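Trainee: Take this sequence and fold it.
(one chain, ligands or ions: 1)
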Amino acid sequence: AGDGALAKRHRHLPNSHPTYFSRPITMVRARNCRFYDEHGRSYLDALNNVTLVGHSHPRLVEAAARQLGRLNTNTRFVYDVLSEYAERLTATLPDGLDVVYFVNSGSEANDLALRMSRYLTKREDVVIIDDAYHGYTSVVADVSPSRYRHYGKPDTTHPTPNPDRYRGRYGYDDPQAGAHYAAHVTETFDRLAAEGRAPAAFLFEALLAGGGQVVLPPGYLAPIFQTAARHGAMTIADEVQVGFGRLGEAFWGFETQDVVPDFVTMGKAMGNGFPVAAMVTTREISQAFDPAGRFFSTYGGNPVACAVGLELLNVVEEENLQDNALRTGQYLRDVLAALAPRHEIIGDVRGQGFYSGVEFVLDRETKEPASEETLIICERLKDRGALVYPTGPAWNILKLKPPLTFTPAHADEFAAALDAVLEEGW
Ligand code: PMP
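Mentor: From the prediction side, this is the model:
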């Protein structure tokens, strides 16, 4: 059955469509933190940033089925679950951020935030953090790393240095690292303003995902927000990967840096794998952009999406999952860091909550990325029943984004598998 699925996929999907692993696994089902393949083999999921509350959570399955069996239609109709969900969702955000635009993907959410910021400022340029990925629509591909960008358009994207304290100019030992990296962003704003092209927006993630699992240095975003305000630019927090309690210490990533953005975009974990996404902003911004209906999404905020999203918020709260992300996330990093003395290839272990990176290097002095090795390590881990995948500009970083239900026993199991793979060599 597996070969059939793969062969058909190759016939009917683009050649470039990625699969995890050189010998992909055909998955049949998944429950909580484990996948099961067509042969009944199980795999620990340390990789999947979509299933926030664990795979096939019974309460979400029930919520989706119940709503699908009762009412599912487009969002021009009025129904309770949308209003209730919007109320619950905005209650998790700082005061003022209470207008929700429901969409279907993280890309759409970012696209809409960019569109609004450009419309309202009447400017085109956007300042981003280097190496960050923001999605696949034409607009957001243009603010993602260059390999995703389109051609033939004037370049309005301005990357600023990745504030990576492992590789960058300012290290973990520099308490001013955040201020130094922020100063580069301010320079970019000032230079653009001097050229008569002050930016429309600053777009950021509160922990860089594709940028290499980089934790923002303390004191990084606050001065950038001051700069943006001084230049009349808007701020967009891309919470597609980091939101919903994953970072442990706060429900939203931007809260870890004590800033409040104009726009918050969210997706992925929001529906635990069911497509639910949104962009949230203030009433004032919303009214300035959209007094007479410049936006409508047929499926964004459909009843089933809202029922699933609402139940996810209930589960995160009732199962104390944000707190587990804080505690067990740190435990996972501790057991992984404990492997470093025995395995030279481990250059850095970092992260916040259940969002961690293990960076592999060929040499701890030169920090030359162990890119090929990282992919092989992931393949070997898969053979041992633990799923994780590389990320980062050089693809030499394991990104660990397990469900928030991951336990210390799961963390030990993962660390034991990694230890065995590194012991075995390649
Ligand atoms: N922003 C970030 C930070 C992402 O990681 C992604 C997806 N990987 C997106 C936006 C785009 O989300 P989607 O694939 O749901 O459109």
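
Trainee: need the next SSE after the least confident helix or strand in the chain by mean pLDDT, C-terminal direction.
Mentor: Every helix and strand of the chain was ranked by mean pLDDT, DSSP states H and E. The lowest is helix 2-12, at a mean of 80. Once the chain leaves helix 2-12, the next helix or strand it forms, by DSSP states H and E, is strand 27-31.

Trainee: what are the pairing partners of that next one, and which direction each?
Mentor: strand 34-37 (antiparallel) (DSSP bridges).

Trainee: All the helices of the stretch 51-200 of the chain, in order from the start?
Mentor: 58-68, 80-91, 106-121, 138-141, 177-194 (DSSP state H, counting those that start in this stretch).

Trainee: Of all the ones you listed, which one is nearest the ligand?
Mentor: For the ligand, the closest of the helices of the stretch 51-200 of the chain is helix 106-121, at 2.5 Å, according to CB to the nearest ligand atom. Backbone N, C-alpha and C define where each C-beta goes, glycine included.

Trainee: gap between the closest one and the chain center?
Mentor: 18 Å (CA atoms, centre = their mean, to the nearest Å).

Trainee: tell me the contacts of the residue nearest the centre of the chain?
Mentor: Closest to where the C-alpha atoms of the chain average out (CA atoms, centre = their mean) is Gln241, at 1.6 Å. Counting by CB atoms under 8 Å, 6 or more residues apart in numbering, Gln241 touches 49, 205, 207, 209, 268, 355, 401.

Trainee: what number of residues lie near the last one?
Mentor: The number of residues packed around Lys401, counting by other CB atoms under 10 Å, is 30.

Trainee: Over to the second one?
Mentor: Using other CB under 10 Å, Glu205 has 25 other residues around it.

Trainee: can you list the residues of the chain near the ligand?
Mentor: 105-107, 110, 133-136, 205, 209, 238, 240-241, 267 (CB under 6 Å from any ligand atom).

Trainee: can you list the residues you listed in TSV and add distance to Ala278?
Mentor: TSV is the format used below for the residues of the chain next to the ligand (distance: CB to CB, whole Å):
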residue	distance to Ala278
Ser105	10
Gly106	10
Ser107	13
Asn110	11
Tyr133	19
His134	15
Gly135	14
Tyr136	17
Glu205	16
Ala209	18
Asp238	12
Val240	10
Gln241	15
Gly267	8
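
Trainee: Let's see which of those residues end up in strands.
Mentor: Mapping the residues of the chain next to the ligand onto strands (DSSP state E) picks out Asp238.

Trainee: From the residues of the chain next to the ligand, pick the one nearest Thr256.
Mentor: Taking CB to CB as the measure, Thr256 lies nearest Glu205 of those, at 11.5 Å.

Trainee: shaky segments in the protein?
Mentor: Residue ranges of the chain with pLDDT under 70: 1-3, 151-154, 426.

Trainee: go again using 80 as the cut-off
Mentor: Within the chain, the segments meeting pLDDT under 80 span 1-3, 18, 146-154, 292, 426.

Trainee: before we move on, the earlier item: out of the contacts of Gln241, give me the one that has the most neighbours.
Mentor: Top of the contacts of Gln241 by neighbour count (other CB under 10 Å): Lys401, with 30 neighbours.

Trainee: From Asp125, how far out is that one?
Mentor: Relative to Asp125, Lys401 is positioned 31 Å away (CB to CB, to the nearest Å).

Trainee: Which residue ranges of the stretch 201-350 of the chain form helices?
Mentor: 221-230, 283-289, 303-318, 321-337.

Trainee: What residues does Thr188 make contact with?
Mentor: Going by CB under 8 Å, 6+ apart, Thr188 touches 127, 158, 160.

Trainee: correct me, but Pro223 touches His180?
Mentor: No - Pro223 is beyond contact range of His180, at 10.2 Å (criterion: CB atoms under 8 Å).

Trainee: Identify the contacts common to the two.
Mentor: Residues touching both Pro223 and His180 (CB under 8 Å, 6+ apart): none.

Trainee: how's the chain carved up into domains?
Mentor: 2-53+320-424, 58-318 (automatic domain parsing).

Trainee: before we move on, back to that, for Ala411, which of the helices of the stretch 51-200 of the chain is the nearest?
Mentor: helix 58-68 (23.8 Å).

Trainee: Give me the distance between Leu89 and Ser117.
Mentor: According to CB to CB, Leu89 stands 21 Å off from Ser117.

Trainee: Might you name the residue of the stretch 201-350 of the chain sitting closest to the ligand?
Mentor: Across the stretch 201-350 of the chain, the shortest distance to the ligand (CB to the nearest ligand atom) belongs to Val240, at 3.6 Å.

Trainee: If we ignore the residues flanking it in sequence, what's nearest that residue?
Mentor: Leaving aside its sequence neighbours, Val240 sits nearest to Gly106 (CB to CB, 6 or more residues apart in numbering; 3.6 Å).

Trainee: residue contacts, that neighbour?
Mentor: By CB under 8 Å, 6+ apart, the residues touching Gly106 are 134-135, 238, 240, 265-268, 277.

Trainee: quick check, nearest of the residues you listed to Gly253?
Mentor: Gly253 lies nearest to Asp238 out of the contacts of Gly106, by CB to CB, at 8.8 Å.

Trainee: Could you measure from that closest one over to Leu339?
Mentor: Here the criterion is CB to CB. By it, Asp238 lies 31 Å from Leu339.

Trainee: When the two are compared, which one has more neighbours?
Mentor: Neighbours per residue (other CB under 10 Å) separate Asp238 from Leu339, with Asp238 holding more: 32 against 18.

Trainee: Arg41 reaches Gly385, doesn't it?
Mentor: Yes - applying CB under 8 Å as the test, Arg41 and Gly385 come out as touching, 6.9 Å apart.

Trainee: More neighbours: which of the two?
Mentor: Gly385 (16 against 11).

Trainee: I'd guessed the more buried one sits against Ser42; true?
Mentor: Yes - counting by CB under 8 Å, Gly385 does reach Ser42; the two are 6.4 Å apart.

Trainee: quick check: angle from the one helix or strand Ser356 maps to to helix 321-337?
Mentor: When elements are assigned from DSSP H and E, Ser356 belongs to strand 355-360. With axes from the mean of the first three to the mean of the last three CA atoms, to 10 degrees as the basis, strand 355-360 and helix 321-337 are set at 10 degrees to each other.
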